[in-house]
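Trainee: can you look at this prediction? I've put the sequence above it.
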Amino acid sequence: MPDAGTLWVVLAAAAVLVVLVVALLLAARGRRDGSPAAGPEPEPFAAEPEDRPRAAVIVNPIKLSGGDSTRGLVFRVCAELGWAAPLWLETTPEDPGAGQARAALDAGADVVIALGGDGTVRSVAQTMARTGTAMGLLPAGTGNLLARNLAVDLTDAEGSLRAALTGDDRRVDVGWVTVTTQAPDTADADSADADSADADSADADSADADSADADSADADSADADSADADSA
């Protein structure tokens, strides 16, 4: 007859065996019902890159003090938030941002971010206005007037980037100013001076005529007086 210790070992082994059999039966029943078997949690943002939102960053390279570190920050944050790799478009002296913004829109960017100063922001905004696509700011200039007006933290590049990618859209008014460099029309000015001179001349001629008329009237009066005297 087995002792008590051996009996407990046998009972424990039998219990483990029963648990394994029940688990296998439940798994088999789940597969027959079409329900998925238990497994690891799926990774977040597992969509294909073409199905993920995509940002375009328009960069003024002169203002990019952080160099590759800033670029690395942008790509890292986009990846962490499940966005596709962003478009990285640098401005040039000939095109300070408007053309790059059009290229970003043509590529289907979901948000266009201006990384630079007020000049870069202005050039990008003139293309983005009335398009319906959101525009974000990564201030890197001296004044950063729009960023200040919108209470963007100028010292937190990552926070500004995350706000541009995940924040609520906000409409702002856009003003248009046309600047011309055409010199004043000197011909018109000369014409005005000539007209004034003619007017002065006309006034002088009129004064002379009035004086002549007055002299003639005085002479006529003198002749009349002389005729009266002779008659007397």
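Mentor: Here it is on my side, so go on. Numbering: from 1, shown residues only.
Trainee: T166 contacts L81, doesn't it?
Mentor: Yes - with contact defined as Cβ atoms under 8 Å, T166 counts as touching L81 (6.5 Å). (C-beta placed from N, C-alpha, C; glycine too.)
Trainee: more neighbours: the two, which one.
Mentor: The residue with more neighbours, out of T166 and L81, is L81; 15 against 11, by other Cβ atoms under 10 Å.
Trainee: can you give me the pLDDT of that one?
Mentor: On pLDDT, L81 comes in at 96.
Trainee: ok, for it, nearest residue in space, not its chain neighbours?
Mentor: L165 (5.6 Å; Cβ to Cβ, 6 or more residues apart in numbering).
Trainee: let's verify that neighbour: helix, strand, or coil?
Mentor: helix (DSSP: H, G, I helix; E, B strand; the rest coil).
Trainee: ok, it - contacts?
Mentor: 53, 55, 77-78, 81, 83, 111, 136 (Cβ atoms under 8 Å, 6 or more residues apart in numbering).
Trainee: go with 10 Å
Mentor: L165 is in contact with 53, 55, 74, 77-78, 80-83, 86, 110-111, 113, 134, 136, counting by Cβ atoms under 10 Å, 6 or more residues apart in numbering.
Trainee: so which pair among the residues you listed is furthest apart in space?
Mentor: Greatest spacing in the contacts of L165, by Cβ to Cβ: E80 and A134 (19.3 Å).
Trainee: neighbour count: those two, which is higher?
Mentor: Neighbours per residue (other Cβ under 10 Å) separate E80 from A134, with A134 holding more: 18 against 11.
Trainee: where do the helices of this structure begin and end?
Mentor: For the chain, the helices defined by DSSP state H occupy 4-33, 68-80, 98-106, 118-128, 145-149, 157-166, 186-231.
Trainee: and the average pLDDT for the fifth one is what?
Mentor: The reference is to helix 145-149. On average, helix 145-149 scores 94.
Trainee: correct me, but A147 touches T155?
Mentor: No - assessed by Cβ atoms under 10 Å, A147 is found out of contact with T155, at 11.2 Å.
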